[in-house]
Every structure is written in C-alpha cells, then in structure tokens.
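Asker: give me the fold of what follows.
(one chain, ligands or ions: 1)
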Amino acid sequence: MKVTDHIKKSEGKTLFSFEIIPPKKGKNIQELYNNIDPLMEFNPPFIDVTTSREEYVYIEKSGLLDRKITRMRPGTLGICAAIKHKYDVDTVPHVLCGGFTKEETEYLLVDCHYLGINNVMALRGDAMSHQNYFEAAKGGHQYAQGLVEQIADLNQGKYLHDVMEADDCADFCIGVAGYPEKHLEAPSLQTDLKRLKDKVDAGADYVVTQMFFDNQKYFDFVKAAREIGIDVPIIPGIKPIAISKHLQLLPQVFKIDLPEPLINAVQDCSTNQQVRQVGVEWCVQQSKELIDFGVPVLHYYSMGKSTNIEQIAKQIF
Ligand code: FAD
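Answerer: Okay, here's the model as predicted:
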C-alpha cells in the first residue's frame, strides 16, 4: 500500500514509522531484525531503508596504494524485500541520483515493481567525501527533481528509451526530502522551498523532513510550504540525541541548530547513558507537540539502533 494511502486510512491519527540503515558488508541481517523486532508492536505501516553512496578504499599493491570504489552498505532492495515479507509491512527503498545512471535506476525501479514495492524515496545523495560539490554519475541525474520525473514517467509506462504498451504499469508513491533549516547548499530557505515545490510539481507525493530539534522550525517550514502551494503531506523526521558528540556532529553534518536548553542538558551529563536519557526525553516532548499539531506520521531516524526509539514509542504510541 502507498504511504499516502496509509495516511488517508489513518483518518488523522498520527502513525509511527522509522528508517533503518543496511548493515555493513559481511554483517548478518539478523542484527537488523533484532533492531526491528521491538519496534513492530507500534505498528509501523512502512519502514524506510537508506541507500549509501559508493566510497573510495585504498588497497596496497606492490608498495603503492590503489584506489578502488566500493559500496560499504549494499543491499537496500534485498533488505526491503526481506523485511516486507518477514513482517508484512510496506518498505520504502531510498533511491539515489549519486553514483547511478538513469538506466541503472530504471532497472532498480523495475525490480521494485516486481517485488511489490510501490513506495520510493527519491534523493540526490551527497557529494562523495573527496568532492567539494555533488557530481552526477555520467548519464545520471544532477538533482532529485530529475529522478522524480523519471519515476513519474515510469508510472505512465514511459521508459527511458521505449514507451511500452504496459499492461502492468508501475504506480510508485514518491517521497522526497525537505529541509526545515534549508539544505546546506541552498542559498536561502526560500530558494530551497521553491526547489521542493519543483519536486512536488514533478510528481512527488509526500515530503519527509531532515531531522530538527526545535519544532518551531518545522511549524514555520510547513506554513511557508503551504503558502507557496506545496500541498502534499510533510512528514517530520526526528532523531533522539544519543551521545554527547552529537552536539558537534549533527550541526556539522546536517547544518542544523540545536536549541540551547538541549545543549545545556547534554552538557550537564557525565555519562553517555545520561545523554541517551536526555535525548529520549527531548524526543518524547517533540513527538507529543508534533502530534498535537496534527502531523500525519512521526518518522524516527534509528541510525541502526532501536532501543531509544522503542523507549520513545512506548510513551507515545
Ligand atoms: P535535491 O532536491 O536535488 O536538492 C539538492 C540541492 O540542490 C538543494 O540545495 C536544492 O535547493 C538544490 N536544487 C535542487 N534542484 C535544483 C535545480 N534544479 N537547480 C539548482 N539547484 C537545485 N542520503 C543518502 O545518501 N542516502 C539516503 O538514504 C538518504 N536518505 C535521506 C532521507 C531524508 C528524509 C533526507 C532529508 C535526506 C536523506 N539523504 C540521504 C541525504 C540527501 O541525499 C542529501 O541531503 C542531499 O545532499 C540532497 O538530497 P535531495 O534529494 O534533497 O536533493
């Protein structure tokens, strides 16, 4: 079932969902199941599975370092299929522009369709670690908007190089990313919002936000989005702080601000266990306020560990 149909069916009740990251190559999928198992009692209608960009590794060969390209966390689609069938839940693979040609994307989408996966998150991906700016793969999309257009075309039976007399057209529900504190490369929040509108006009059915710790940022973002005609569901993505290093890491990686009271509470902690508790309490308060606002879904970034999400969900759902 589509994410947007789950939202319609819930008739205004806020749903619980979460995002997981595929394990590193060589790890067993059981570890992932162990993290998902405790969250299933909160009835997530859908679970997102991220996709990682390729990375460079350096292999020593005859005294020289040979640079090879690799993907450390492959398997997004396989994990989506495995989870879908194990738990009877919808899964949302993240589909990236970065590192993929349009043809590779088309084949991935065809695989999704065969597997009965009809929700996808269309994302650009970040620049690789050695790059200053994002560069599309040769024959790939430069922006998520192009990827959305490709998926919307496929929904009409329009493949890249053929228009098929499709008797079983794909019908993807398309999610895209939104940034309450603006995307780090965008010159302004307003410009970024216009880009978001372009993605919605191109066929996106819903938006999931980047994490934020101050709900007012989300409320303002939704208001501004509605004012420029973005009328699809805007799902807040939130994450509990789990270690004191997050005070530096999260602003550095995601270019987001942390509220002063949260910073002070984390700085008053002497162990990471206490920090985790502060993170849970903050996220519970955020969740309650967002539910009062009437958000369709609360989407939690688990970052691979579910214990704190479980603690939060127990108090909310
Ligand atoms: P875009 O919408 O393409 O926007 C990127 C930048 O380009 C923005 O600054 C935008 O304002 C600008 N822009 C857009 N269109 C145009 C245009 N036509 N002309 C000029 N500028 C333009 N990353 C991963 O690698 N894997 C994941 O699984 C993943 N999941 C994510 C899930 C969510 C909910 C979110 C919020 C982010 C996720 N990301 C993921 C991170 C995401 O890939 C990065 O934030 C990336 O830098 C931008 O992706 P985007 O889809 O928002 O890009």
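
Asker: residue numbers of this structure in contact with the ligand?
Answerer: 50-51, 53, 94, 96, 121, 123-126, 143-145, 177, 183, 185-186, 192, 195, 199, 208, 210, 237 (C-beta under 6 Å from any ligand atom). Where C-beta positions appear, they are placed from N, C-alpha and C, glycine not excepted.

Asker: in the stretch 201-317 of the chain, which spans are helices?
Answerer: Assigned by DSSP state H, counting those that start in this stretch, the helices in the stretch 201-317 of the chain fall at 215-227, 246-254, 260-267, 272-293, 307-316.

Asker: what's in contact with the shortest one?
Answerer: Which is helix 260-267. 213, 241, 244, 246-247, 275, 278-279, 282 (C-beta atoms under 8 Å, 6 or more residues apart in numbering).

Asker: go again with 6 Å.
Answerer: For helix 260-267, contacts defined as C-beta atoms under 6 Å, 6 or more residues apart in numbering pick out 213, 244, 247, 275, 278, 282.

Asker: same thing with stretch 99-118?
Answerer: 53-54, 77, 80-81, 137, 139-140, 154, 160, 170-172.

Asker: top of the residues you listed by neighbour count?
Answerer: Cys80 (26 neighbours; other C-beta atoms under 10 Å).

Asker: ok, so what distance separates Glu31 from the ligand?
Answerer: 19 Å (C-beta to the nearest ligand atom, to the nearest Å).

Asker: of all the residues in stretch 226-245, which ones are buried?
Answerer: 230, 232-242, 244 (16 or more other C-beta atoms under 10 Å).

Asker: which residues sit against it?
Answerer: 7, 193, 197, 200, 205-209, 211, 218, 222, 266, 272, 275-276, 279-280, 283, 286, 290, 295-297, 299, 301, 308.

Asker: hmm, which of the residues you listed are the buried ones?
Answerer: When the contacts of stretch 226-245 are checked for burial by 16+ other C-beta under 10 Å, the buried set is 7, 193, 200, 205-209, 211, 218, 222, 266, 275-276, 279-280, 283, 286, 290, 295-297, 299, 301, 308.

Asker: can you give me the helices for the stretch 1-150 of the chain?
Answerer: Using DSSP H, counting those that start in this stretch, helices in the stretch 1-150 of the chain cover 3-9, 29-36, 76-87, 102-114, 144-155.

Asker: got the ones you listed as JSON lines, with distance to Asp257 and mean pLDDT columns?
Answerer: Below are the helices of the stretch 1-150 of the chain laid out as JSON lines (distance: least, C-beta to C-beta, whole Å; pLDDT from 0 to 100):
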{"stretch": "helix 3-9", "distance to Asp257": "28", "mean pLDDT": "98"}
{"stretch": "helix 29-36", "distance to Asp257": "29", "mean pLDDT": "94"}
{"stretch": "helix 76-87", "distance to Asp257": "30", "mean pLDDT": "97"}
{"stretch": "helix 102-114", "distance to Asp257": "34", "mean pLDDT": "97"}
{"stretch": "helix 144-155", "distance to Asp257": "24", "mean pLDDT": "97"}
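
Asker: so which of the ones you listed comes closest to Phe254?
Answerer: Closest to Phe254 of those, according to C-beta to C-beta: helix 144-155, at 16.7 Å.

Asker: quick check: next helix or strand after the closest one?
Answerer: strand 173-178 (DSSP states H and E).

Asker: contacts for that following strand?
Answerer: 2-4, 119, 121-123, 144, 148, 151, 196, 199, 203-209.

Asker: with just CA atoms, put it into CSV.
Answerer: This file holds the C-alpha atoms of strand 173-178, laid out as CSV (Å, rounded to 0.1, in the frame of the first residue of the first chain):
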residue,chain,number,x,y,z
CYS,A,173,4.3,6.7,-4.5
ILE,A,174,7.2,9.1,-4.4
GLY,A,175,8.7,10.7,-1.3
VAL,A,176,11.2,13.5,-1.4
ALA,A,177,13.4,15.2,1.2
GLY,A,178,12.6,18.7,2.7
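
Asker: and that strand, how far from the chain's centre?
Answerer: Here the centre of mass of C-alpha atoms in strand 173-178, compared against the chain's by C-alpha atoms, centre = their mean, to the nearest Å, lies 9 Å away.
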